[in-house]
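*Asks:* Structure for this input, please:
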Amino acid sequence: MSRIPSNEQIEARAYELFLERGREDGHDVEDWLAAEKELTTQHEEIESIYAQEKEASAKVGQAAYAGSRGH
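*Replies:* The predicted structure follows:
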C-alpha cells in the first residue's frame, strides 16, 4: 500500500476545502497542503490497521497449525 495520496486525491480534497470555505479565493496553497496532510495521515492510519490485521491473521494461522499438529 502506498502512503502517498495521488495528486488527483489531493486536488479533490483541496477543492472540497475550497467549497467548505465558501469559495473564498487566495487559499489554494493552504488548501493543497491541508488536503495532502489529511490524506497522508489517513493513508498511514489505514496502512497501520492493515498491518495489524495481517499480523493478527498470521498469529491465528500459526495457532491453528500448532493445534492441528497436537492431535
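*Asks:* Please report how far the residue most central in space within the chain lies from Lys59.
*Replies:* Residue closest to the average C-alpha location in the chain (C-alpha atoms, centre = their mean): His43, at 1.7 Å. Distance from His43 to Lys59, counting by C-beta to C-beta, to the nearest Å: 25 Å. All C-beta spots, glycine's among them, are computed from the backbone N, C-alpha and C.
*Asks:* low-scoring pLDDT stretches of this structure, where are they?
*Replies:* 1-3, 63-65, 67, 69-71 (pLDDT under 70).
*Asks:* now the strands: where do they sit in it?
*Replies:* Counting by DSSP state E, the chain has no strands at all.
*Asks:* so where do the helices sit in it?
*Replies:* Per DSSP state H, the chain carries helices over the ranges 7-20, 28-69.
*Asks:* relative to helix 28-69, how tilted is the shortest one?
*Replies:* Pointing back at helix 7-20 there. 120 degrees (axes from the mean of the first three to the mean of the last three C-alpha atoms, to 10 degrees).
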